[in-house]
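K.L.:
test case, fold it:
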Amino acid sequence: MTGIAKETISFLKGLEDNNNRDWLQGHKKEFEAAKNDFAGFVGELIAGISKFDPDVSGLAPDACIFRVYRDVRFSKDKSPYKTNFGAYISPGGRKTNSPGYYIHLQPGGQSFLAGGKHMPEPKELLAMRQAIADKTDEFLKSIGGKKFKELYGGMDGEKLKTPPKGFAKDHPAVEYLKFKSFTASHPIDKDSVLTAPDFPKYVVSTFQEMKPFIDFLRKALAG
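P.N.:
Next comes the predicted model:
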């Protein structure tokens, strides 16, 4: 296993400083090299994650990696490109609705690892809330491990100000029921971590601590 190439980090820094088509056209070789490097890295992650989550076995990296091109149609920010590389590893890849693992690669200490289910559809959100309400002990166990807390701290994201409709205000898991997404994240605030030889192993082991949480959410959505 190898970490991210330093040239890939340099490319993303350059793209952040020169977010325009002319610059990218003039750095096509660097762009292709960076994409290939990240794809190879994601391939290593898929192989590692498959050992404890067989449902992602055989996924192609391209099925997991997000495009660098931004959809600017409804955005005030007209920058044409993302300044990060991202991949969502889950059964079916990035387009699936299944809870999974996400890696966000962005220089300047803005990289992070995350997982769970981001911005679920209303029916999905209700199903996960209902599962938490009905199987609170099992849910709390999935995020209550010592290592999980050390790595992720807990769940993150936006919450409702009041309990969701249909759930008791005094439910023991009411604060979790307020979440609009069910995710947890682990920051990587040093770019040197990204290029270290053991970075793939670090990512895989960090994701492995999230597996019980992922399993709970998948079962909730499966009914």
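
K.L.:
residues in contact with Gly48?
P.N.:
Shown in contact with Gly48 (CB atoms under 8 Å, 6 or more residues apart in numbering): Met1, Pro200, Lys201, Val203, Val204. In short, each C-beta sits where N, CA and C put it, glycine included.

K.L.:
from Ile103, how far out is it?
P.N.:
Counting by CB to CB, to the nearest Å, the gap from Gly48 to Ile103 is 12 Å.

K.L.:
quick check: mean pLDDT across the longest helix anywhere in the chain?
P.N.:
The helix of greatest length in the chain, counted in residues with DSSP state H as the criterion, is given as helix 28-50. Helix 28-50 shows a mean pLDDT of 98 in the predicted model.

K.L.:
residues of stretch 75-85 that come out buried?
P.N.:
Buried residues in stretch 75-85, counting neighbours by 16 or more other CB atoms under 10 Å, are found at Tyr81, Lys82, Thr83, Asn84, Phe85.

K.L.:
with stretch 4-22 instead?
P.N.:
With burial defined by 16+ other CB under 10 Å, the residues of stretch 4-22 counted as buried are Ile4, Ala5, Thr8, Ile9, Phe11, Leu12, Gly14, Leu15, Glu16, Asn19.

K.L.:
may I have the phi/psi pair for the last one?
P.N.:
When read as degrees, to the nearest 10, the backbone of Asn19 gives phi -80, psi 70.

K.L.:
I'd say it and Pro80 touch.
P.N.:
Yes - taking contacts as CB atoms under 8 Å, Asn19 lies within contact range of Pro80: 6.7 Å.
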